[in-house]
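Colleague: Generate coordinates for the sequence data below:
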Amino acid sequence: MDTAALKHTWSLAQSLGDEVPLFFYSHLFLRHPELRAMFPISMATQRDRLVGALGRIVSNVDELDEVTDFIQQLGRDHRRFEVIAAHYNHVGASLLATLKHFLGELWTPELASDWAEAYGVIATVMVQAAEASEDSSPPSWPAEVTSVERRGLDISVIEVRPQPDLPYQPGQSVAVEIPARPRLWRYLSPANAPRRDGSIQFHVQMVPGGQVSSTMVRSLQIGETVRLGAAVGQELTLDEAERHRDLLMVAGGTGLAPLRAHLERIDQEWQSTGQAPRVQLFHGARLPWSLYENRLLQNLATRPWFTYTPVVSDDPSYPGRKGLVGDAAADSGAVQGRLALVCGSPQMVRHTVSRLRAAGIPQTDVRFEQFATLDEDSHAGHHHEHDPQPAGLPHGD
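Modeller: Residues are numbered from 1 along each chain as shown. The predicted model follows:
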């Protein structure tokens with residue numbers, strides 16, 4: 001399999017813009033109209049999400065060993081769409097038909113064979129993971145909304161209780177569908193460690209024009225039932241060895257959510273064992289009233305293991321640290337030997353990662369979501385202007 005050719009031809013297809021997804025969906029829905037119901041009524045925000053996810057994952061099939069767990073998570077997660085193996089066949093056929101149409105003479109028998117083989121490898125991993133999970137977990141989890149607390153102008157903290165309990169690790173994300181926006185799924189990170197009562201807290205920030213985030217902040221009511229997908233994501237989780245390392249956390253806006261889940265877990269362990277890694281958190285917001293967890297974090301800073309620095313970028317009168325949160329973290333002197341977890345808008349993540357690496361943190365010790373598709377709602381949904389949106393198929397956002 002010529003993986004260099006896969007990457008090259010996918011980059012060519014990407015350069016053609018909206019024509020590629022338009023052809024893909026036309027091909028898919030004309031041949032399999034029954035699949036249309038899996039997608040939102042309005043496809044305006046769907047655009048290249050599924051096609052982009054497919055192209056990135058399949059064209060990087062040579063890295064499968066590194067991301068097998070992630071692809072398996074996606075397979076389990078996509079059971080919420082009632083996806084069956086035949087659907088993967090339909091989607092794959094439309095992907096190859098789309099590439100053939102736009103690549104023209106470049107679409108040789110060899111290239112067609114390589115794309116087909118790569119897609120088959122990825123789809124098989126996802127299907128097998130989905131099948132294996134059928135006996136142990138539901139396709140999706142109904143969850144009752146038990147609390148909605150508005151935190152300022154554009155942020156709500158929402159608590160739900162899924163039945164049965166939804167397993168996840170701090171740092172992961174789950175897809176959420178609300179009754180008012182059927183089939184418009186958004187990925188949100190639980191902001192708490194797993195609890196005995198199974199409750200999950202989400203931090204949601206409105207985005208201008210965002211159909212789901214705005215509705216969740218303004219209109220979601222206690223007693224409503226939302227649907228949740230299986231937990232996905234690995235970049236912001238910690239394995240057993242990493243859980244004992246000193247941490248540098250850098251969050252922008254509601255990118256705080258997955259990091260707050262880690263803080264809750266660490267505090268629980270500290271209270272039961274007296275042991276905890278040193279943790280320094282920098283939380284950035286444009287304006288001071290957007291530091292929506294300031295009181296909780298200030299209280300947590302009385303713990304011997306935790307240091308908290310709020311950072312405000314757009315208010316010159318703010319008495320604390322001003323500027324970009326990535327600069328504050330990189331200049332703090334607290335980088336050596338620490339594992340860095342970064343979550344926020346794409347711009348914030350790029351700047352912060354660059355600054356931390358320049359400050360001496362090895363590339364392997366700077367962690368952030370890397371499998372992401374841009375999402376008009378979720379960028380500010382719970383991760384400021386960024387929701388680490390796992391790429392998958394078919395995608396309901």
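Colleague: so how far is the longest helix anywhere in the chain from its chain's centroid?
Modeller: Counting residues, the longest helix in the chain under DSSP state H turns out to be helix 109-133. Distance of helix 109-133 from the chain centroid (Cα atoms, centre = their mean, to the nearest Å) equals 23 Å.
Colleague: what's the answer for stretch 162-169, then?
Modeller: 17 Å.
Colleague: pLDDT (mean, whole number) over it?
Modeller: Mean pLDDT, stretch 162-169: 95.
Colleague: Now it: buried residues?
Modeller: Neighbour-count burial for stretch 162-169 flags P162, L166, Y168, Q169 (criterion: 16 or more other Cβ atoms under 10 Å). Where C-beta positions appear, they are placed from N, C-alpha and C, glycine not excepted.
Colleague: Does the third one touch P194 like I think?
Modeller: Yes - with contact defined as Cβ atoms under 8 Å, Y168 counts as touching P194 (6.7 Å).
Colleague: Please name every helix or strand in contact with the longest helix of the chain.
Modeller: With contacts defined as 3 or more Cβ pairs under 8 Å, 6 or more residues apart in numbering; DSSP states H and E, the packing partners of helix 109-133 are helix 3-14, helix 49-59, helix 64-77, helix 85-103.
Colleague: Could you give me the buried positions within the first one?
Modeller: In terms of neighbour count (16+ other Cβ under 10 Å), helix 3-14 has its buried residues at A5, L6, K7, T9, W10, A13.
Colleague: The following helix or strand past that helix versus helix 49-59: what angle between them?
Modeller: Toward the C-terminus, helix 3-14 is succeeded by helix 19-31 as the next helix or strand (DSSP states H and E). If you take axes from the mean of the first three to the mean of the last three Cα atoms, to 10 degrees, helix 19-31 sits at 100 degrees to helix 49-59.
Colleague: what's helix 19-31 packed up against?
Modeller: For helix 19-31, the packing partners by 3+ Cβ pairs under 8 Å, 6+ apart come out as helix 49-59, helix 85-103.
Colleague: Ranking the helices and strands packed on helix 109-133 by mean neighbour count, which comes first?
Modeller: A comparison of those by mean neighbour count, using mean count of other Cβ atoms under 10 Å, puts helix 49-59 on top with a mean of 23.
Colleague: Figure out how far that one is from the centre of its chain.
Modeller: 16 Å.
Colleague: And for stretch 176-189?
Modeller: 13 Å.
Colleague: okay, how far is it across it, tip to tip?
Modeller: 10 Å (Cα to Cα, to the nearest Å).
Colleague: next one: stretch 98-116
Modeller: Taking Cα to Cα, stretch 98-116 runs 13 Å from one end to the other.
Colleague: Show me what it is in contact with.
Modeller: Residues from elsewhere that reach stretch 98-116 (Cβ atoms under 8 Å, 6 or more residues apart in numbering): 1-3, 5-6, 9, 12-13, 16, 19-20, 23-24, 27, 51, 58, 92, 95-96.
Colleague: how near is T364 to L54?
Modeller: 28 Å (Cβ to Cβ, to the nearest Å).
Colleague: can you check H283 too?
Modeller: 35 Å.
Colleague: Nearest residue to R181 in space, ignoring adjacent ones along the chain?
Modeller: V212 (5.1 Å; Cβ to Cβ, 6 or more residues apart in numbering).
Colleague: What does the nearest residue to Y168 once chain neighbours are set aside show for phi and psi?
Modeller: Closest residue to Y168 apart from its sequence neighbours, by Cβ to Cβ, 6+ apart: A231 at 3.6 Å. Backbone torsions of A231, given as degrees, to the nearest 10, read phi -70, psi 140.
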